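Q: Build the 3D model from these lines:
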Amino acid sequence: MPYLIVKHKVKDFNQWLAVFESHADAQKEAGFGKVQILRDYQDPNTVICLFKVLDIVKARAFTQAPDNASIMEQAGIIGTPKALWLEEL
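A: Alright, predicted model coming up:
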């Protein structure tokens, strides 16, 4: 089972969470399953998302969609998120 970990810094966690949750259906359609949201203990505006990936082809395409830049801006993401694709052994 593949997984995706995304780490990013946000201006405001609540603003980011509202935008993130508003895209839940799109994430499911794009091949993502369960997601776990984590925050850095010392910096609550550093967010880590652990996604279970059900369809890696769809999920990779979704993460490379041209409209991601505007969604990230709306969510208040600072800088470029770091993504790590993993495979369960």
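Q: For this structure, which element, helix or strand, carries the lowest mean pLDDT?
A: Every helix and strand in the chain was compared by mean pLDDT, DSSP states H and E; the lowest is helix 68-75, with a mean of 91.
Q: which other helices and strands contact that helix?
A: Identification of packing neighbours for helix 68-75 by 3 or more Cβ pairs under 8 Å, 6 or more residues apart in numbering; DSSP states H and E yields helix 13-22. For the C-beta atoms, the positions are set from N, CA and C on the backbone; glycine is no exception.
Q: ok, residues contacting the biggest strand by length in the chain?
A: For the chain, the strand with the greatest residue count under DSSP state E is strand 77-87. With contact meaning Cβ atoms under 8 Å, 6 or more residues apart in numbering, strand 77-87 is reached by 1-11, 16, 53, 56, 60, 63, 72.
Q: Give me the subset of these that lies in strands.
A: Those of the contacts of strand 77-87 lying in strands (DSSP E): 2-10, 53.
Q: By neighbour count, which of those wins?
A: Using other Cβ atoms under 10 Å as the neighbour test, the ones in strands among the contacts of strand 77-87 are led by residue 10, with 23 neighbours.
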